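Participant: I need the structure of the sequence given here:
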Amino acid sequence: MTIWGRPALWALAVVAGAGAAALTGVAVWVDLDTADRVASVCGAILALVGLVVSLAALTCSAQGDTPDISVGSGGLVILDDVDRTAIGEGSEVVGSLSTARPATGRSTGRLKLRVSKGGKFFRGVVRDSAIGYNSKRRES
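Facilitator: Down below sits the predicted model:
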């Protein structure tokens, strides 16, 4: 949760509680017809506020959400699907190659990437692979 998220949720809870108490007070001390009208107006205003908030969320830039990935020496990062793959020193994949159509990679967008010497980074679908020192792929 962002730094302002928790206080905003508490403020929203307090405002909602105060609104419910105010509508209850109008219903008790004025009359039910007036409370109905006030609740209708409040509901319409809240619907418009919700529309504005949802449109703002849709149009916000996601630049702050850029992933920061660091791969150290000997490290491995695979940013999408892995299928029929052995990972590690001396690993081995035995069997016929997959006949299934490769899935399309879902990883889109920008990222900050640092790969040290000896590190490995894969972005996309990794299928029927042996990754690592002394690793091999062979038919059965």
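
Participant: Run through the neighbouring helices and strands of the lengthiest helix in the chain.
Facilitator: Secondary structure of the chain per DSSP state H: the longest helix is helix 32-59. Here helix 32-59 touches helix 5-29, going by 3 or more Cβ pairs under 8 Å, 6 or more residues apart in numbering; DSSP states H and E. To be clear about C-beta, it is placed using only N, CA and C from the backbone, and glycine gets the same treatment.

Participant: Pull the distance from the helix it packs on to the chain's centre.
Facilitator: Helix 5-29 sits 30 Å away from the centroid of its parent chain (Cα atoms, centre = their mean, to the nearest Å).

Participant: List the buried residues of that helix.
Facilitator: 26-27 (16 or more other Cβ atoms under 10 Å).

Participant: can I see the domain layout of the protein?
Facilitator: Domain segmentation of the chain under automatic domain parsing yields 5-60, 65-138.

Participant: Which residue, neighbours along the chain excluded, lies closest to residue 85?
Facilitator: residue 129 (4.5 Å; Cβ to Cβ, 6 or more residues apart in numbering).

Participant: who are the neighbours in contact with the one you found?
Facilitator: 84-86, 93, 137 (Cβ atoms under 8 Å, 6 or more residues apart in numbering).

Participant: Repeat that for residue 77.
Facilitator: By Cβ under 8 Å, 6+ apart, the contact set of residue 77 is 69, 71, 119-122.

Participant: Dig out what residue 137 forms beta bridges with.
Facilitator: Taking DSSP bridges as the rule, residue 137 bridges to residue 93.
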